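Novice: Predicted model, plus sequence, below.
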Amino acid sequence: MTVFMTIILALVSSCFSAPLRVEITKGQIKPEPIAILPFVNDDLLINEIVEKDLISCGVFEMVPRDTYLQNSQDVMDKGPILSRWKITHARFILCGRVEKNSKNLTIHFRLYDIFSGKAMLSLSLKGFVSQFRRLAHMVADEVFSRVTNESGYFNTQITFVETLGRFKKGAKSRIVMMDRDGHNFEKLTDGPLDITPRFSPQGDKLAFLSFKNGNAAQVYLLDLKSKQQKVLGHFKGMTYAPRFAPKGEDIVFSFIDSKNGNNSICLMNLGSKSVDILTDQEGIDTSPCFSHTGDEIAFVSNRGEKLGAANIFIMNRQGGNLRRITFGEGRYYQPVWSPRGDLIAFVKLYKGEFYLGVIAPDGSGERLITRGYLIESPVWTSNGRYLFFTKENGPKQKSTICFIDVTGFHLQTLDTKGRDASHCDTILIQ
């Protein structure tokens, strides 16, 4: 997935003695007004892609274009005329210029702070014309990063399950992939029943659950370059709920023993194919997920509880140091560790309604950030400050992919072009 793109020119020295930071993790923030000027020679409409990215994150709001008093070329040549821009109440100005030939493309852009009148950012991005959308997302990433001191995430790809004819006989579920903004759609599998796709950290493989030829469900690995599939090991029973380790060398999954019906958690090394059984007791242990370091695993279990209970537990990668972290009412599902390690996202079922929540790994600070008729498959952005998830708003309604910040105040629905989308996962394109 690596593409030929280089950042040239140096970052202009900051005009602030300390980095500007817009905090996006505590409470509701007021979006910062930004003027995004049409880029010079931009017949690819790159600035419109950048604008949609930046507005979608909840950190920025657009200054109306009919109030702009300079164009991009003028600002690039002379800098912003502060007396003109202050009356628009803009905090930032983004301007740019595009250079291209039949093959190559360069985007020059600058970000100005109206309070000081100085450039916070001055960069050029170079790549192929065919990659113009990816380059545009990179511009947005740089702007977002400079203002928030958080890494950008706009160059994210999303894999999900597309269900065809869900409410009809012969419904089919296949795995597909698209960019975060709905473009570059690609079909990855043909079904008929493929679900729960999970990217490897390098973005070169996909693990998923498949029911093939009427056989028991098994985890398969898909090579995203060759598109070849192979079953993950050979087990006398069902394997499901796969997750890669942070470095991609191991994969953890659930296994239903065909002899006793126990649901255990197993760890496989993808190089040696060796398998360690981490949990082995009566009941259900499922939905394992590695911590950001790979040293610990969060999972769901009904151990020690009445029928139907489900709580989140944490153990080390050898299966020891087991501890329960959830004690609230309702049932907890699908824990997913933040890339920062500070939070674990989860789905909760309580009194017939589903919630998306977060909790600290020590069990403190449980917080529910949104709810719905059905919520599934939370997955973090690469900076650990936003979550994607899938949601149904009612019975016999299509599933959609949603996006929310950890404060719970900024909720959006992604454009899947009308597809019935569930079971999502993401990877940041490098």
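Specialist: Great, that's in hand.
Novice: Okay, now the unreliable bits of the stretch 251-400 of the chain?
Specialist: 305-308 (pLDDT under 70).
Novice: now the strands for it?
Specialist: Using DSSP state E, counting those that start in this stretch, the strands assigned to the stretch 251-400 of the chain run over residues 263-269, 275-277, 285-290, 296-301, 311-316, 323-324, 331-337, 344-350, 353-359, 367-372, 374-380, 386-392, 400-405.
Novice: pretty sure Thr326 contacts Ile312?
Specialist: Yes. The pair Thr326 / Ile312 is scored as a contact, 4.6 Å apart, by CB atoms under 8 Å. Every residue, glycine included, has its C-beta placed from N, CA and C.
Novice: hey, what's in contact with both of those two?
Specialist: Common neighbours of Thr326 and Ile312, counting by CB atoms under 8 Å, 6 or more residues apart in numbering, are 332, 346, 359.
Novice: wait, doesn't Arg133 sit right on Arg180?
Specialist: No. Using CB under 8 Å, Arg133 makes no contact with Arg180, being 10.5 Å away.
Novice: and the chain, what are its domains?
Specialist: Domain assignment for the chain, taken from automatic domain parsing, gives 6-148, 157-428.
Novice: now those in a markdown table, with mean neighbour count?
Specialist: As requested, those are arranged in a markdown table below (neighbours: other CB atoms under 10 Å):
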| stretch | mean neighbour count |
| --- | --- |
| domain 6-148 | 17 |
| domain 157-428 | 18 |
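Novice: how about low-confidence regions in the stretch 1-150 of the chain?
Specialist: Low-confidence segments of the stretch 1-150 of the chain (pLDDT under 70): 1-29.
Novice: Can I get the longest helix seen in the chain in CSV, CA atoms only?
Specialist: For the chain, the longest helix by residue count, based on DSSP state H, is helix 132-148. Extracted in CSV, the C-alpha atoms of helix 132-148 (Å, rounded to 0.1, in the frame of the first residue of the first chain):
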residue,chain,number,x,y,z
PHE,A,132,-4.2,13.2,-6.3
ARG,A,133,-6.9,12.2,-3.8
ARG,A,134,-4.3,10.7,-1.5
LEU,A,135,-2.1,13.8,-1.8
ALA,A,136,-5.1,16.0,-0.9
HIS,A,137,-5.7,13.8,2.2
MET,A,138,-2.0,14.3,3.1
VAL,A,139,-2.5,18.1,2.9
ALA,A,140,-5.4,17.8,5.4
ASP,A,141,-3.3,15.5,7.6
GLU,A,142,-0.5,18.1,7.8
VAL,A,143,-2.9,20.9,8.7
PHE,A,144,-4.8,18.8,11.3
SER,A,145,-1.5,17.7,12.8
ARG,A,146,-0.1,21.3,13.0
VAL,A,147,-3.1,22.7,14.7
THR,A,148,-3.9,19.8,17.1
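Novice: Which SSE is immediately downstream of that helix?
Specialist: Next helix or strand after helix 132-148 toward the C-terminus (DSSP states H and E): strand 156-164.
Novice: Report all helices and strands that that next one contacts.
Specialist: Judged by 3 or more CB pairs under 8 Å, 6 or more residues apart in numbering; DSSP states H and E, strand 156-164 is in contact with strand 172-179, strand 194-199, strand 421-428.
Novice: how about a cut-off of 6 Å?
Specialist: Strand 156-164 sits against strand 172-179, strand 421-428, with contacts defined as 3 or more CB pairs under 6 Å, 6 or more residues apart in numbering; DSSP states H and E.
Novice: for the chain, which residue is closest to the average position?
Specialist: Nearest to the geometric centre of the chain sits Thr381, at 3.5 Å (CA atoms, centre = their mean).
Novice: The closest residue to that residue other than its chain neighbours: how many residues sit nearby?
Specialist: In space, and not counting its chain neighbours, Thr381 is closest to Tyr153: 4.1 Å by CB to CB, 6 or more residues apart in numbering. The local packing of Tyr153 (other CB atoms under 10 Å) involves 24 other residues.
Novice: right, and Tyr153 touches Ser382 too?
Specialist: Yes. At 5.2 Å, Tyr153 and Ser382 qualify as touching, with contact defined as CB atoms under 6 Å.
Novice: who's sitting farthest from the centroid in this structure?
Specialist: Of all residues in the chain, Ser83 has its C-alpha farthest from the mean position, at 40.4 Å, by CA atoms, centre = their mean.
Novice: Please name the residues that touch Thr163.
Specialist: Shown in contact with Thr163 (CB atoms under 6 Å, 6 or more residues apart in numbering): 173, 420.
Novice: same thing but at 10 Å, please
Specialist: 171-174, 191, 193, 195, 398-399, 419-423 (CB atoms under 10 Å, 6 or more residues apart in numbering).
Novice: Out of those residues, which is nearest to Thr370?
Specialist: Ser399 (15.0 Å; CB to CB).
Novice: who's the residue lying closest to that closest one once chain neighbours are set aside bridged to?
Specialist: Once flanking residues are discounted, Ser399 sits nearest to Ser422: 4.2 Å by CB to CB, 6+ apart. Judged by DSSP bridges, the bridge partners of Ser422 are Val161.
Novice: who touches Ser422 in this structure?
Specialist: Residues near Ser422 by CB under 10 Å, 6+ apart: 160-163, 166, 173, 195-196, 374, 376-377, 390-392, 398-401.
Novice: can you check Phe388 too?
Specialist: Phe388 sits next to 153, 156, 158, 160, 180, 377-381, 401-404, 414, 424-426 when contact means CB under 10 Å, 6+ apart.
Novice: repeat that for 7 Å
Specialist: Shown in contact with Phe388 (CB atoms under 7 Å, 6 or more residues apart in numbering): 158, 379, 401, 403, 424, 426.
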